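K.L.:
no letters, just coordinates:
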């Protein structure tokens, strides 16, 4: 298994009963509804072959590790939900694609500062943070996903 590229270069979720490869929307689903312990989640944006080595088995959903590419983060459910909420609030102003690209509109930032100064302060301190960037990538739907949901 270790020598197989599909395991090393894909996002996946392992529980005591299954091992599944995940596309980006499925990573979002797993983060929104954590599986019953024990579980391991590895999510990759870069598809490098060695990031999964840092994964850890989670024996609790109160405090757990999330591994994105080559970084593992120890979080609580409350911390994860708080970060996801902030990411979604800020993305309403700056947009997912622009955020990930780093090409931020001064008009959008000014509007955020006027509407919600606390959110603006949080954004200024955290928009480039690696964990926040991973959450933007995995937790916010792409334009194509949003359009396909509207077509239904």
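P.N.:
Received the coordinates, thanks. For clarity, every value in this text was computed on a predicted model and none was experimentally measured.
K.L.:
what's the helix or strand encompassing residue 121 packed up against?
P.N.:
Residue 121 belongs to helix 117-126 when elements are defined using DSSP states H and E. Secondary-structure packing of helix 117-126 (3 or more CB pairs under 8 Å, 6 or more residues apart in numbering; DSSP states H and E): helix 77-94, helix 106-115. For glycine as for every other residue, the C-beta is placed from the backbone atoms N, C-alpha and C.
K.L.:
would you mark the buried spots in the helix or strand that comes right after that helix?
P.N.:
Using DSSP H and E, the helix or strand that follows helix 117-126 in sequence is helix 130-139. Residues 131, 132, 133, 134, 135, 136, 137, 138, 139 are the ones in helix 130-139 that count as buried (16 or more other CB atoms under 10 Å).
K.L.:
helices or strands up against helix 130-139?
P.N.:
helix 24-32, strand 63-68, strand 71-76, helix 77-94, helix 96-101.
K.L.:
ok, and which of the ones you listed has the densest surroundings?
P.N.:
strand 63-68 (a mean of 20; mean count of other CB atoms under 10 Å).
K.L.:
quick one: which of the helices and strands packed on helix 130-139 is nearest residue 109?
P.N.:
helix 77-94 (7.1 Å; CB to CB).
K.L.:
between the closest one and strand 71-76, how many degrees?
P.N.:
Put simply, helix 77-94 runs at 110 degrees to strand 71-76, going by axes from the mean of the first three to the mean of the last three CA atoms, to 10 degrees.
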